[in-house]
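*Asks:* My questions are about this predicted structure, shown below with the sequence.
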Amino acid sequence: MYEEKPKSVGVIGAGIIGLYLAWKLSEAGYKTTVFEKKGKISAKPCSGLISERIKGFIPLDPLIIQNKIDYCVIHFPKKTITLYLEPKHYVIDRHKLNEYLANLAQNSGAKILFNQPVDRIPSGFERIICCDGALSGMREALSLPKPNFKLGVQVFFPIRDSSNHVEVWPIRDGFFWKIPKGEKVEYGAMGPITSIKANFEYFLKTQNFYNPKGQIDSALIPQGLVLPKSKNITLCGDATGLTKPWSGGGVIWGLTAANILLKNFPDFEKYHKEIKKTFNFRILKGRFITSLIYLLGNNFPYLLPSKMTRDNDFPLF
C-alpha cells in the first residue's frame, strides 16, 4: 500500500505512448519529465492505420486524419476476401499526432527535454517509465531479454487516392499492403528482417510500381511481451514488444496498456500482473489464428468465406 504519490516521474521516449502517459500523469498532478534523444518531436515509419478506438484515448484534431477506412481486401493466390473492419479505421498522420500529444503534455505541465539520450537509469525520479521503442536502451540496461523482431517497410507514391479500403497480400511470415492516404498512396510490407526488403521490391514491380530513388523507410516491429520485475521502473509501448501478431500495429494495444498503467499507478507490480492477464492469451491466440488463416487462404481457400467482419484490435477469432 502506497501512502503518498511519488513526487517525480521520468518518462523515457517522446513517442505516442510516452507523450500520452506524460499528459495523463501531469493532469493527475505528478511532476513529469520526458527525455527524448532526438532534437524535436518526430515519428517512426508507420502505416498510421489505427482504429476509431483511438478517440477513446485522445481527442483527435481533424487535421491529423488523412482518410477513413471501412474494409480490407485480402488477396490470397486463388481467392479474394473482403474483411469489414469494426470499428472502422483512420489513416493518421503520425507526426502530427505526436506533435499534438506533445502540446497536450506540455500544456498539462509536463517538461520535454530534447537531445537527451538515456542509456542508464536516470537519478532523481521515484518512478521511471521506459517508452523508448523497439530497440529500448532501458530494456537493455535492465538486462531484460529482447522480444522477437520483424521489419516493417514503406514507400509513398504521389497518387491521389481517398478510397475507403486498404489492400493486403499475405506472404509467408508477413504481408504486403496498400493504403490510400488522400494526397498519396502508401505501399508497405512486414516480414522477416533478412528478406522482406528484397521481396517488397519485387512485389512493387508486379504492381507496376518502381522506386527510382531506391528509398524505402523501415522500422523494427517488436513482438512479444517483456516486463521488468521492479517496483520503481517499468516499460510500456514498443519497449515491451506489445504489438498485434497479425498486423504489427501497436498504438491501440500500447494505449490500452498505458491506461492499465495509469489505473494502477504508482503500483508497477499490479500493472505488470494486469497487463500479462490482458495480453498474454491474446498474443498466443493471435499467432495461432493468423497462421491458421494464412494456411487456409493459401491451401484451402474454399474453407474461408468471401466476406467477413472483424474487430482488428481485439478479435474474437
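*Replies:* Now that the structure is in, tell me what you want to look at.
*Asks:* what about the helices in the stretch 201-317 of the chain?
*Replies:* Ranges of helices in the stretch 201-317 of the chain, per DSSP state H, counting those that start in this stretch, are 251-264, 268-299.
*Asks:* Report the mean confidence score over the last one.
*Replies:* It refers to helix 268-299. If you average the pLDDT over helix 268-299, you get 96.
*Asks:* how much distance is there from that helix to the middle of the chain?
*Replies:* Between the centre of helix 268-299 and the centre of its chain there are 15 Å (Cα atoms, centre = their mean, to the nearest Å).
*Asks:* what does the model give the residue lying closest to residue 113 once chain neighbours are set aside for pLDDT?
*Replies:* Spatial nearest neighbour of residue 113, excluding adjacent residues (Cβ to Cβ, 6 or more residues apart in numbering): residue 35 at 5.5 Å. All C-beta atoms are positioned from the backbone trio N, CA, C, and that covers glycine. On pLDDT, residue 35 comes in at 97.
*Asks:* Of all the helices of the stretch 201-317 of the chain, which one comes closest to residue 180?
*Replies:* Set against residue 180 and scored by Cβ to Cβ, those come closest in helix 251-264, at 19.1 Å.
*Asks:* Residue 43 is in contact with residue 101, isn't it?
*Replies:* No: Residue 43 is beyond contact range of residue 101, at 10.7 Å (criterion: Cβ atoms under 8 Å).
*Asks:* Between these two, which is the more surrounded one?
*Replies:* Shown here are residue 43 and residue 101; by other Cβ atoms under 10 Å, residue 101 has more neighbours (23 against 17).
*Asks:* dump the residue contacts of that one.
*Replies:* Residues near residue 101 by Cβ atoms under 8 Å, 6 or more residues apart in numbering: 16, 19-20, 23, 58.
*Asks:* again, but for residue 172
*Replies:* By Cβ under 8 Å, 6+ apart, the neighbours of residue 172 are 191, 294.
*Asks:* how much space between it and residue 295?
*Replies:* 11 Å (Cβ to Cβ, to the nearest Å).
*Asks:* again with residue 64
*Replies:* Taken as Cβ to Cβ, the span from residue 64 to residue 295 is 38 Å.
*Asks:* So if I had to pick from these two, which one is more boxed in?
*Replies:* Counted by other Cβ under 10 Å, residue 64 and residue 295 do not tie: residue 64 has more neighbours, with 20 against 11.
*Asks:* Surely that one touches residue 91?
*Replies:* No: using Cβ under 8 Å, residue 64 is not in contact with residue 91, being 9.9 Å away.
*Asks:* For the contacts of residue 101, which two are the farthest from each other?
*Replies:* 16 and 23 (10.6 Å).
*Asks:* nearest spatial neighbour of the spatially most central residue of the chain, skipping sequence neighbours?
*Replies:* Per Cα atoms, centre = their mean, the C-alpha nearest to the average position across the chain is that of residue 250, at 2.3 Å. Residue nearest to residue 250 in three dimensions, not counting chain neighbours: residue 243, with 3.9 Å by Cβ to Cβ, 6+ apart.
*Asks:* Next one: that neighbour from residue 208, what distance?
*Replies:* In terms of Cβ to Cβ, residue 243 sits 31 Å off from residue 208.
*Asks:* Likewise for residue 140?
*Replies:* As judged by Cβ to Cβ, residue 140 and residue 208 stand 43 Å apart.
*Asks:* what about those two, which has more around it?
*Replies:* residue 140 (13 against 6).
*Asks:* Tell me the secondary structure at the more buried one.
*Replies:* With DSSP: H, G, I helix; E, B strand; the rest coil as the basis, residue 140 sits in helix.
*Asks:* Do you know the pLDDT at it?
*Replies:* For residue 140, the predicted pLDDT is 93.
*Asks:* got it, and residue 211?
*Replies:* We have a pLDDT of 66 for residue 211.
*Asks:* closest to residue 107 among the contacts of residue 101?
*Replies:* Taking Cβ to Cβ as the measure, residue 107 lies nearest residue 23 of these, at 8.4 Å.
*Asks:* Please list the members of the contacts of residue 101 that lie in helices.
*Replies:* 16, 19-20, 23 (DSSP state H).
*Asks:* Export the strand ranked longest in the chain to PDB, keeping only CA atoms.
*Replies:* Secondary structure of the chain read by DSSP state E shows that its longest strand is strand 79-92. C-alpha atoms of strand 79-92 as PDB (Å, rounded to 0.1, in the frame of the first residue of the first chain):
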ATOM      1  CA  LYS A  79      -9.300 -16.200 -53.500                       C
ATOM      2  CA  THR A  80     -10.000 -12.600 -52.600                       C
ATOM      3  CA  ILE A  81     -11.700 -11.900 -49.200                       C
ATOM      4  CA  THR A  82     -13.400  -8.700 -48.100                       C
ATOM      5  CA  LEU A  83     -12.800  -8.100 -44.400                       C
ATOM      6  CA  TYR A  84     -15.100  -5.400 -42.900                       C
ATOM      7  CA  LEU A  85     -13.500  -3.600 -40.000                       C
ATOM      8  CA  GLU A  86     -15.500  -3.000 -36.900                       C
ATOM      9  CA  PRO A  87     -14.700  -0.500 -35.600                       C
ATOM     10  CA  LYS A  88     -13.700   1.500 -38.700                       C
ATOM     11  CA  HIS A  89     -10.100   2.700 -39.100                       C
ATOM     12  CA  TYR A  90      -8.500   6.100 -39.600                       C
ATOM     13  CA  VAL A  91      -5.300   6.800 -41.600                       C
ATOM     14  CA  ILE A  92      -3.500   9.000 -39.200                       C
END
